[in-house]
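Trainee: Here you go, sequence then predicted model.
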Amino acid sequence: MSKIVDLRYGTRRSSELSKRSAEVFAEAEEHPITVTRRDGEALVLMSQREADGRARLLELAAQLITVATDHQGTLAERMAKVFPWMLALSVADREACAREILDAARASFATEQPHLALTELTSWKETAAAVAAGLSNTDLQWYDDPHLVERP
């Protein structure tokens, strides 16, 4: 059986894992590590954060495929079916949201960096929540100079 090792990961032999586990674990917290074995298939050691990010990115990919295969409505309308929180945004913001999430997802898939798409998705979702809570209609007054306030 031929062994394929992904060169994007750091590579360690299984013997290194047993002899220098602290060092290998520290490296795995930074990026995935391929652990090669003489008697079996290579394994990948990664942080839970990394694994969760990849799982969330795959979930987003499935949702975007659903959007792509629906042929009724604009991109923003199709995405609002999958992400109903988008309905709290204005029509213009829904269109911007759809484009920006799709662009960030493409960048994530191309670079294998899940945080690009997940951060964009989370930012827009939180914006929609703030709009739904009425925070978008507030006129803010910014102070140029510091103001003292009483302690609560």
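Mentor: All right, it came through fine. Numbering: from 1, shown residues only.
Trainee: and the end-to-end length of stretch 34-51?
Mentor: 14 Å (CA to CA, to the nearest Å).
Trainee: mean confidence score for it?
Mentor: With pLDDT averaged residue by residue, stretch 34-51 scores 91.
Trainee: How about stretch 129-143?
Mentor: On average, stretch 129-143 scores 81.
Trainee: Which residues outside it are in contact with it?
Mentor: By CB atoms under 8 Å, 6 or more residues apart in numbering, the surrounding residues in contact with stretch 129-143 are 85, 88, 89, 93. Just so you know, the C-beta spots here come from the backbone N, C-alpha and C atoms, and that holds for glycine as well.
Trainee: Need the residue closest to the centroid of this structure.
Mentor: residue 118 (2.4 Å; CA atoms, centre = their mean).
Trainee: so where do the strands sit in this structure?
Mentor: 10-13, 33-37, 40-45 (DSSP state E).
Trainee: most surrounded residue in the contacts of stretch 129-143?
Mentor: Most neighbours among the contacts of stretch 129-143, by other CB atoms under 10 Å: residue 89, with 21 neighbours.
Trainee: Skipping adjacent residues, who's closest to that residue in space?
Mentor: Spatially, and ignoring its direct neighbours in sequence, residue 89 is nearest to residue 128 (5.3 Å; CB to CB, 6 or more residues apart in numbering).
Trainee: looking at it, the one you found is touching residue 86, isn't it?
Mentor: Yes: using CB atoms under 8 Å, residue 128 is in contact with residue 86, at 6.2 Å.
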